[in-house]
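Engineer: need a structure here:
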Amino acid sequence: MINLAVLYTKKCRPLSIAAILDVFESVNSFYQHRQLQPAFNIQLISLEKGLNVLDKYSTLDTGGDYKSSLVLIPAFNSEYIDISEAIKQNYGFIPWIQQQFQQGAEVGSFCTGAFLLAATGLLNGRKATTHVMATYNLAKNFPEVKVQPEDVVTHDNGVYTSGGATNTFHLLLHLVERHCGRDIAVQVAKLFAIDMDRDRQNYFATFLPSKDHADTLVAQAQQRMEELYGKASTVEEIVGDIPSSRRNFVRRFKHATGITPIEYLQRTRLEGAKKLLEKTNQSISEIMYNSGYNDVKSFRQLFKKGVGLTPKEYRDKFNTIKSN
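Structural biologist: Coordinates of the predicted model:
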């Protein structure tokens, strides 16, 4: 039997806890239906002993001698993506997670739970993902982590992470298949109606660049790019008269936003194209020109690389109006 420890973190997202428990309880029921012992011994771990959760579980605290095989960290509530607040309230879990890993347990996080996992140091030098809207903050706060913004699930030497929302189920399926086999994983996928083949989450992203910096020159450049991305061909055409050398401007821009001016312009254009695909019936060629591109083949390639879908696939999935 696998000792599964699910952390009942402060300010956790209840839906994340419920999804984890629901999947592993379902696996146990599959085993029992086959007249087998349950696959998982599920235990909730909190910073306080004896908390009652969901009228079914009574938590153990981190001061006990519980030894786990698999430790899972749920997502935080959306307002707690602020890393300093999330880690501060759950700091007591960090040495416990480190100890469990050192004793041979695998460790995984879901969505923004990756911030607490990163704070343990176990993600240093490892690949990791999180909610697509939080990947920038994860990379900024933990530069030693190899953040993979587009990945749905990562697995790197016994440490797992998942993207946000329904991507939780893809990591859960991965863990079920790893510990219980493909047959049980397929049963879980059917029970919860989960597609097993999704491996990217970047087409759910919205480009929300950092603007909480104090560099007025960079802020001016950002505003110009967002206003003129569909009319200018290069960064120089947009910000060429800004009083700074190119080298100094690029350095300051990347320091303030986390990406280069060229990357910023590219992502602004793609975001503009996505909005036109969602909200208009313009042709692909019209959208291409209105987003600042002038070559259809290049536009399709850049869109597919940056978004994970072709322009047509994106429109089919997210368009909010009916075609004429």
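Engineer: residues in contact with residue 181?
Structural biologist: For residue 181, the contact set (C-beta atoms under 8 Å, 6 or more residues apart in numbering) is empty. In this view, the C-beta of every residue, glycine as well, is placed from N, C-alpha and C.
Engineer: from now on call the first residue 778
Structural biologist: Shifting the count to begin at 778 puts that one at residue 958.
Engineer: Can you check what pLDDT the model gives it?
Structural biologist: In this model, residue 958 is scored at 91, pLDDT.
Engineer: I'd like to know how far it sits from residue 816.
Structural biologist: The spacing between residue 958 and residue 816, counted by C-beta to C-beta, to the nearest Å, is 10 Å.
Engineer: if we look at stretch 1059-1073, which residues are touching it?
Structural biologist: So stretch 1059-1073 is in contact with 1006-1010, 1042, 1046-1047, 1049-1050, 1053-1054, 1057, 1076-1077, 1079, 1088-1089, going by C-beta under 8 Å, 6+ apart.
Engineer: Going through those residues, which ones are buried?
Structural biologist: 1006-1007, 1009, 1042, 1046-1047, 1049-1050, 1053-1054, 1076-1077, 1079, 1088 (16 or more other C-beta atoms under 10 Å).
Engineer: Of these, just say which sits nearest to residue 924.
Structural biologist: The nearest member of the buried ones among the contacts of stretch 1059-1073 to residue 924, counting by C-beta to C-beta, is residue 1047 at 19.1 Å.
Engineer: The closest one: what secondary structure?
Structural biologist: helix (DSSP: H, G, I helix; E, B strand; the rest coil).
Engineer: these two touch, right, it and residue 1084?
Structural biologist: Yes - contact criterion C-beta atoms under 8 Å: residue 1047 and residue 1084 qualify, at 6.3 Å.
Engineer: after the host helix or strand of residue 878 comes which helix or strand?
Structural biologist: Using DSSP states H and E, residue 878 falls within helix 870-879. Toward the C-terminus, helix 870-879 is succeeded by strand 883-887 as the next helix or strand (DSSP H and E).
Engineer: what's next to that following strand, contact-wise?
Structural biologist: Strand 883-887 has contacts (C-beta under 8 Å, 6+ apart) with 793, 797, 846-852, 874, 877-878, 893-894, 897, 899, 907, 935-939, 945, 948, 952.
Engineer: Now, these that are in helices?
Structural biologist: 793, 797, 874, 877, 878, 893, 894, 945, 948, 952 (DSSP state H).
Engineer: Run through the helices of the stretch 928-1077 of the chain in chain order.
Structural biologist: 944-957, 959-969, 993-1005, 1012-1016, 1023-1034, 1038-1056, 1061-1067, 1073-1084 (DSSP state H, counting those that start in this stretch).
Engineer: Flag every buried residue along the shortest one.
Structural biologist: Judged by neighbour count using 16+ other C-beta under 10 Å, the buried positions of helix 1012-1016 are 1012, 1015, 1016.
Engineer: got those as JSON lines, with pLDDT columns?
Structural biologist: Converted to JSON lines, those look like this (pLDDT from 0 to 100):
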{"residue": "1012", "pLDDT": "87"}
{"residue": "1015", "pLDDT": "85"}
{"residue": "1016", "pLDDT": "80"}
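Engineer: Quick check: residue 785 touching residue 828?
Structural biologist: Yes - using C-beta under 8 Å, residue 785 is in contact with residue 828, at 6.7 Å.
Engineer: Which one's more surrounded, the two?
Structural biologist: residue 785 (19 against 14; other C-beta atoms under 10 Å).
Engineer: How many neighbouring residues does the nearest residue to that one once chain neighbours are set aside have?
Structural biologist: In this structure, residue 785 finds its nearest non-sequential neighbour in residue 823, 4.2 Å apart by C-beta to C-beta, 6 or more residues apart in numbering. A count of nearby residues for residue 823, using other C-beta under 10 Å, gives 23.
Engineer: check contacts around the residue nearest to residue 1068 when sequence neighbours are not counted.
Structural biologist: What sits nearest to residue 1068 in space, not counting adjacent residues and going by C-beta to C-beta, 6+ apart, is residue 1050, at 4.1 Å. Neighbour list for residue 1050: 1064, 1065, 1067, 1068, 1070, 1076, 1080, 1088 [criterion: C-beta under 8 Å, 6+ apart].
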